[in-house]
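*Asks:* Here is the input, now give the coordinates:
(2 chains)
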Amino acid sequence: MAAVRHFLTRHGRRLVVWLPLLWLVVFFALPLVEVAQTSFTEPRRGIPPFAPLWGFGEDGFFTNFNLENYGLLVEYSQDYLRPAGNSVRLAFFSTLICLVFAYPMAWWIARSSPSHRAILLVLVMLPFWTSSLLRIYALIGLLNTNGFINSMLLQLGLIEAPIRMMQTDFSIYMGMLLTYLPLMILPLYAVMIRLDDDLLDAAADLGASRVEVFRTIVLPLTVPGIIAGSLLVFIPAVGEFVIPALLGGPEQVMIGKVLWTEFFRNRDWPVASAIAMLLLAILALPIIYARYQDGRETALDRAEDAGRGGAA
Amino acid sequence: MTGSPFIRISNVTRRFGDVVAVDDLSLDIDKGELFCLLGASGCGKTTLLRMLAGFESVDSGSIEIDGIDMSRVPPATRPVNIMFQNYALFPHMTVDSNIAYGLKRAGLPRAEIESRVTELLRLVRLSGMGGRKPHQLSGGQRQRVALARALARRPKLLLLDEPLAALDKKLREDTQFELVDIQERLETTFIVVTHDQEEAMTLASRIGVMDAGKLVQVDSPRMLYDRPKNSFIADFLGTVSFLEGKVKSAKGGMLQIDGPIPVTAVDPGGFAAGDDVRMAIRPEKISLSRESGGGVNEVKVTVEDMAFTGVASNYRVAGPGGVLLKLTQPNMRRGEPALEWEETGYAAFDPADVVLLRD
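*Replies:* Got it, this is the predicted structure:
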């Protein structure tokens, strides 16, 4: 026991840092390297279904580097890049719609009394307690031609014939909104709850109208929440293919669906890996950009400080 | 110039549920005055301030500023600005933009805004700091930015909510005089809300002491200190020793009062033999010495407690019947050494320094 305690006091801090890091390397970085490698291999029949990228054969060390998988992505861009475009568009508009709905909701929750706040936050998170697939099927039940909404409207005599809601952009974005809204509300709420009421009073006291208070104070100070929420929605939305597949028409092929088909149906792992790398690039770019902007601002502040320090 | 006062608060009441925050309060304030609302937290002073700024509605009564009823005027268009306790500087804006905020909202031309901001920065001694963000400033500098921002629109009335509470003691003393100086130069009417009686005394020409939503006494700092209306005021402002007694006789402008310590006091008028009275005596008005001086109002006491503070020593002494007196002796060089614990001596006070309270 004493030996363990001695070890922990001496190396405890290192242990806390290195163990999770090791875990990340083994279960995150290594598979990523594996996928990146696979994207440069040649497909073949067998297990695994690709030729090794490098190894030791009869002639000693060999490499088998191959860019053809990426060439295929460009060559058959109709089949690969167009779905990627579909996915980015879906993710972009889903993010936008979520933001439009989440912003006032988050504001309202942040401005309610503390006891109401807890209830409202639970309500926001409540959908996460059921399977997302189940919720999508429930939505289908609502939106179908002979679904709940159409039946109700027909019964009430408000419409003559059922409205087509399924297999439209409307149904897809309804599904995306339902699934991703909490991911947008929570980071927005987190910045709004820290917003000092006195700032709003001070702005009003200095002659700002309600619109001006929003534009000059609330909006700039909630930008971090907007960025965080948008990333949280955009990233998984790019890879999303279940919701468009279930709620949308057949013409809307998403990159995630293509990836799935290449991997499981065609068993073309190298091309599937190349698609995965493309997807990663699509996702990484906005994040890197956001980090860069953030970093530049702090760097600027620091540079200003340093400049002043020197001058003073 | 007579006529209606600059700020007239008439019978204002404000309730929050069952709690009456401000209770039928009336107060007139003159133009150019530095008025101080003093009270413990929860006495309603901040609510009154927020009603003047327009953030709280008035349940009943009215507020008039410069002859205009404010009940329908929103905060944005009132000739009133407020300096918040935590300053409420906009963290994402530079000092310049913070100060210019109110001027931009007023739609002033760019050149005019720039010259006014420069002028305000000079007034609060922050010239050259306009490009900084609030988080790059010290507490004292932030306080001055907040003051400049609140003054930018040239309000008729400036409200200051605990303006010095966030500063440390040394800085607070310097800033007090600076604030008074700026107020005198601009001749703007200031209303300062504070719970710090020393701050109120240094800043204000007139102080209104609030308790439970009501103004207990409105007077100059000296009058409040020397002639408190009741024991709440006497106790709230500074330290005081209370004595109880019964008036034995009243003649020749002097009262003879019976009690554990017999007291001779100057009659403020309105007392007759047989009245129960409460008396308050300030600690610095009681002298303490080893030998009896043989004058009036002299009691033999034992030192119970003594604390040396530098400028003075604070004593707590017990008189006849266990009556405790608090007194302060300046540390002047005298022939005799100061009294120590358990020693006996003679405490004496002037009949004119006895404050008679009617509650």
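
*Asks:* quick one: residue A:28 and chain B, what's the gap?
*Replies:* Noted for residue A:28: a distance of 35 Å to chain B, by C-beta to the nearest C-beta, to the nearest Å. All C-beta spots, glycine's among them, are computed from the backbone N, C-alpha and C.

*Asks:* what do you get for residue A:92?
*Replies:* Between residue A:92 and chain B the computed distance is 26 Å (C-beta to the nearest C-beta).

*Asks:* what's the neighbour count on that residue?
*Replies:* Neighbour count for residue A:92, taken as other C-beta atoms under 10 Å in any protein chain shown: 16.

*Asks:* any idea of the pLDDT on it?
*Replies:* pLDDT recorded at residue A:92 is 95.

*Asks:* that's a helix at it, yeah?
*Replies:* Yes. Under DSSP: H, G, I helix; E, B strand; the rest coil, residue A:92 sits within a helix.

*Asks:* For it, which non-adjacent residue is spatially closest?
*Replies:* In space, and not counting its chain neighbours, residue A:92 is closest to residue A:234: 7.2 Å by C-beta to C-beta, 6 or more residues apart in numbering or on different chains.

*Asks:* And for the one you found, the neighbour number?
*Replies:* Counted with other C-beta under 10 Å, the neighbours of residue A:234 add up to 22.

*Asks:* Equivalent analysis for residue B:173, please.
*Replies:* Counted with other C-beta under 10 Å, residue B:173 comes out at 15.

*Asks:* Next one: the residue nearest to residue A:92 from chain B, what distance?
*Replies:* Distance of residue A:234 to chain B, given as C-beta to the nearest C-beta: 24 Å.

*Asks:* pLDDT score for that residue?
*Replies:* Note on residue A:234: pLDDT of 93.

*Asks:* now what about the helix or strand where it lies, what contacts it?
*Replies:* Assigned by DSSP states H and E, residue A:234 belongs to helix A:223-239. Applying C-beta atoms under 8 Å, 6 or more residues apart in numbering or on different chains, the external contacts of helix A:223-239 come out as A:87-88, A:90-92, A:94-95, A:98-99, A:102-103, A:106, A:176, A:180, A:183-192, A:255-256, A:279, A:282-283, A:286-287, A:290.

*Asks:* any idea how far the residue nearest to residue A:73 when sequence neighbours are not counted is from residue A:261?
*Replies:* Leaving out its chain neighbours, the residue that sits closest to residue A:73 by C-beta to C-beta, 6+ apart is residue A:80, at 4.5 Å. According to C-beta to C-beta, to the nearest Å, residue A:80 and residue A:261 sit 11 Å apart.

*Asks:* Phi first, then psi, for residue B:209.
*Replies:* When read as degrees, to the nearest 10, the backbone of residue B:209 gives phi -90, psi 130.

*Asks:* So in terms of bridging, what pairs with it?
*Replies:* Beta bridges link residue B:209 to residue B:38, residue B:217 when assigned by DSSP bridges.

*Asks:* about what we covered before: my read is that the residue nearest to residue A:73 contacts residue A:71, right?
*Replies:* No. Residue A:80 lies out of contact with residue A:71 (C-beta atoms under 8 Å); the separation is 10.9 Å.

*Asks:* neighbour-wise, which of residue A:80 and residue A:261 wins?
*Replies:* residue A:80 (23 against 17).

*Asks:* who touches that one in this structure?
*Replies:* For residue A:80, the contact set (C-beta under 8 Å, 6+ apart) comprises A:72-73, A:255, A:258, A:275, A:278.

*Asks:* Next, format these as JSON lines and append neighbour count.
*Replies:* Output for these, formatted as JSON lines (neighbours: other C-beta atoms under 10 Å in any protein chain shown):
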{"residue": "A:72", "neighbour count": "18"}
{"residue": "A:73", "neighbour count": "20"}
{"residue": "A:255", "neighbour count": "27"}
{"residue": "A:258", "neighbour count": "23"}
{"residue": "A:275", "neighbour count": "27"}
{"residue": "A:278", "neighbour count": "18"}
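
*Asks:* Filter those down to just the ones in strands.
*Replies:* With strands taken from DSSP state E, there is no overlap with those.

*Asks:* hmm, back to that, so what pLDDT did the residue nearest to residue A:73 get?
*Replies:* Looking at residue A:80, its pLDDT stands at 88.

*Asks:* measure it to chain B for me?
*Replies:* 43 Å.

*Asks:* From the chain's centre, how far out is the helix ranked longest in chain B? Work that out for me.
*Replies:* If you go by DSSP state H, chain B has its longest helix at helix B:169-186. Taking C-alpha atoms, centre = their mean, to the nearest Å, one finds helix B:169-186 lying 15 Å from the centre of the chain it belongs to.

*Asks:* near chain A, which residues of the stretch 201-350 of chain B?
*Replies:* By the rule C-beta under 8 Å from any C-beta of the partner chain, no part of the stretch 201-350 of chain B lies against chain A.

*Asks:* where does the stretch 201-350 of chain B dip in pLDDT?
*Replies:* The stretch 201-350 of chain B contains residues with pLDDT under 70 at B:333-337.

*Asks:* Would you map the strands across it?
*Replies:* For the stretch 201-350 of chain B, applying DSSP state E, counting those that start in this stretch gives strands covering B:206-211, B:214-219, B:241-251, B:254-258, B:263-266, B:276-281, B:286-289, B:298-308, B:312-318, B:324-330, B:344-349.

*Asks:* Take these and write them to JSON lines, including mean neighbour count.
*Replies:* Below are the strands of the stretch 201-350 of chain B laid out as JSON lines (neighbours: other C-beta under 10 Å):
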{"stretch": "strand B:206-211", "mean neighbour count": "23"}
{"stretch": "strand B:214-219", "mean neighbour count": "18"}
{"stretch": "strand B:241-251", "mean neighbour count": "16"}
{"stretch": "strand B:254-258", "mean neighbour count": "18"}
{"stretch": "strand B:263-266", "mean neighbour count": "20"}
{"stretch": "strand B:276-281", "mean neighbour count": "19"}
{"stretch": "strand B:286-289", "mean neighbour count": "18"}
{"stretch": "strand B:298-308", "mean neighbour count": "15"}
{"stretch": "strand B:312-318", "mean neighbour count": "19"}
{"stretch": "strand B:324-330", "mean neighbour count": "17"}
{"stretch": "strand B:344-349", "mean neighbour count": "19"}
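
*Asks:* how much space between residue A:110 and residue A:195?
*Replies:* 7 Å.

*Asks:* Pull the number of nearby residues for residue A:273.
*Replies:* Residues lying near residue A:273 (other C-beta under 10 Å) number 23.

*Asks:* wait, it sits on residue A:31?
*Replies:* No. Using C-beta under 8 Å, residue A:273 is not in contact with residue A:31; the gap is 10.9 Å.

*Asks:* Low-confidence stretches in chain A?
*Replies:* For chain A, the stretches flagged by pLDDT under 70 are A:1, A:299-312.

*Asks:* Get me the contact residues on it for chain B.
*Replies:* So far as C-beta under 8 Å from any C-beta goes, chain A lies against chain B at A:196, A:198-199, A:201-209, A:212, A:216-217, A:220-221, A:301, A:304-305, A:308.

*Asks:* Would you list the buried entries among those?
*Replies:* Among the residues of chain A next to chain B, those scoring as buried are A:196, A:198-199, A:201-208, A:212, A:216-217, A:221 (criterion: 16 or more other C-beta atoms under 10 Å in any protein chain shown).

*Asks:* Name the member of those with the shortest distance to residue B:141.
*Replies:* Residue B:141 has its nearest neighbour among these in residue A:202, at 17.4 Å by C-beta to C-beta.
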